[in-house]
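Chemist: Below are the sequence and a predicted model; questions follow.
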Amino acid sequence: MIYEGNFVSLQQNPKSKTTMVELNNDRLSILVSEKGAELQSIKDANGKEYLWQADPKYWPRHSPILFPLVCSVNDETYRVDGREYHLPRHGFARDAEFKLIAQGEHKVTFALESSEETRQVYPYDFTLSITYTLSDNRIGVIWHVLNTDTREIHFQIGGHPAFNVPGMKAGETQQGRIRLDNAEPMDALHSYGDGSHTMDEVPFVEAEQGIMEFSNNTWRNDSIKIHKSQLHRAELLGKDGEPEVTVEFRTPVIAFWSPYGKEAPFVCIEPWYGIGDPRGYSGEFKDKPLMNHLLPGASFMSKYEIIIK
């Protein structure tokens, strides 16, 4: 069944049988899937697509929600009160079936509640809500985590939106530029090609005077992770030097990534409240770096925005 409103519609994806929600205004249209509450498409009024379309040859996702992990725990194993649990990279929310709980003309909210299944891999009760808003040329992505447990819970959360590299076609050599809101010298975390990292800082040499030029070789050590809230805005520049996509955020970490060795025609700009396990970490989940904590009944909320030229 399809419901048509003025600017919102519910659709069934014929391949996955997952509900898709579309929001429109006179500047943009966006498409969001109930599976993973994942943003699937961003098009302007001329039909130009800005979001990566998940070609599995390169990377089969669009903009996954990272929860309750950002990145990985070592050996996919972590500890709560001495008991071991196992989770894959970036957690389970990105593959979970959310429920559509609210919709308006330019706003939609999906929610995921803890269950017996989630408690097997993450021993806390919670409600995770993801809201998308559309205003002029701005897309808001709002994360809300509610502690429905009787004890303190610990979690990480992040975004992983992938954007088409302006002017690049599949099969071409990757070349792009991102303008940052900090032109001063910055530090990044020391990352390795296997996706791991330490908390040691290294100079962010890929950026010079606020411009990060990237190519396939940029990703030889996997993602670039900038922590300590050194950045709040990143602009993906077109061939004319003007921003095609801007991401604004207030997260402590921002990461940039594209798969090394594939000359992929997309780049991810990822706002994170969290970071993966440093190499060798084997402590409690709650004690790992950049962890978020909620007392019973308390909630966490944050927002980032995607702005299309």
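Modeler: Yep, it's here. Keep in mind that what you see is a predicted model, and the values were worked out from it rather than measured. Numbers count the residues shown, from 1 in each chain.

Chemist: Just give the nearest non-adjacent residue to residue 245, would you?
Modeler: Spatially, and ignoring its direct neighbours in sequence, residue 245 is nearest to residue 236 (4.3 Å; CB to CB, 6 or more residues apart in numbering). C-beta: built from backbone N, CA, C; applies to glycine.

Chemist: average pLDDT for stretch 237-244?
Modeler: The average of the pLDDT scores along stretch 237-244 is 97.

Chemist: and it, which residues are buried?
Modeler: Neighbour-count burial for stretch 237-244, counted by 16 or more other CB atoms under 10 Å, picks out 237, 238, 243, 244.

Chemist: try stretch 201-214
Modeler: 204, 206, 207, 212, 214.

Chemist: The nearest residue to residue 218 once chain neighbours are set aside and residue 115, how far apart?
Modeler: Among residues not flanking residue 218 along the chain, residue 206 sits closest, at 5.8 Å (CB to CB, 6+ apart). Counting by CB to CB, to the nearest Å, the separation of residue 206 from residue 115 is 41 Å.

Chemist: what's the answer for residue 26, then?
Modeler: Noted for residue 26: a distance of 40 Å to residue 115, by CB to CB.

Chemist: do the same with residue 180
Modeler: In this view, residue 180 and residue 115 are 40 Å apart by CB to CB.

Chemist: now the strands for the stretch 201-309 of the chain?
Modeler: Taking DSSP state E, counting those that start in this stretch as the test, the strands found in the stretch 201-309 of the chain are 207-208, 211-215, 224-226, 233-237, 243-248, 253-257, 266-273, 292-294, 299-308.

Chemist: ok, the first one: who's next to it in the sheet?
Modeler: In its sheet, strand 207-208 lies beside strand 211-215 (antiparallel), with partners assigned from DSSP bridges.

Chemist: how far off strand 266-273 does the strand it pairs with point, in degrees?
Modeler: Per axes from the mean of the first three to the mean of the last three CA atoms, to 10 degrees, the angle that strand 211-215 makes with strand 266-273 is 130 degrees.

Chemist: which residues are contacting strand 211-215?
Modeler: Contact with strand 211-215 is made by 173, 174, 175, 176, 177, 178, 179, 180, 206, 256, 258, 267, as judged by CB atoms under 8 Å, 6 or more residues apart in numbering.

Chemist: Could you report the neighbour count for the third one?
Modeler: Same thing as residue 175. Counted by other CB atoms under 10 Å, the residues lying close to residue 175 total 14.

Chemist: what does the first one give?
Modeler: For residue 173, the count of nearby residues is 8 (other CB under 10 Å).

Chemist: All further residue positions should be reported with the first residue as 43.
Modeler: With the count now opening at 43, the last piece we talked about shows up as residue 215.

Chemist: I'd say it and residue 305 touch.
Modeler: Yes. Judged on CB atoms under 8 Å, residue 215 makes contact with residue 305 at a distance of 5.9 Å.

Chemist: intersection of neighbour lists for those two?
Modeler: Residues touching both residue 215 and residue 305 (CB under 8 Å, 6+ apart) are residue 258.

Chemist: residue ranges with poor pLDDT in the chain?
Modeler: Where the chain drops to pLDDT under 70, the residues are 43-59.

Chemist: For it, which segments count as helices?
Modeler: In the chain, the helices defined using DSSP state H lie at 158-163.

Chemist: picking up where we left off before, and which of the buried residues of stretch 279-286 is nearest residue 141?
Modeler: Among the buried residues of stretch 279-286, residue 286 lies closest to residue 141 (CB to CB), at 33.3 Å.
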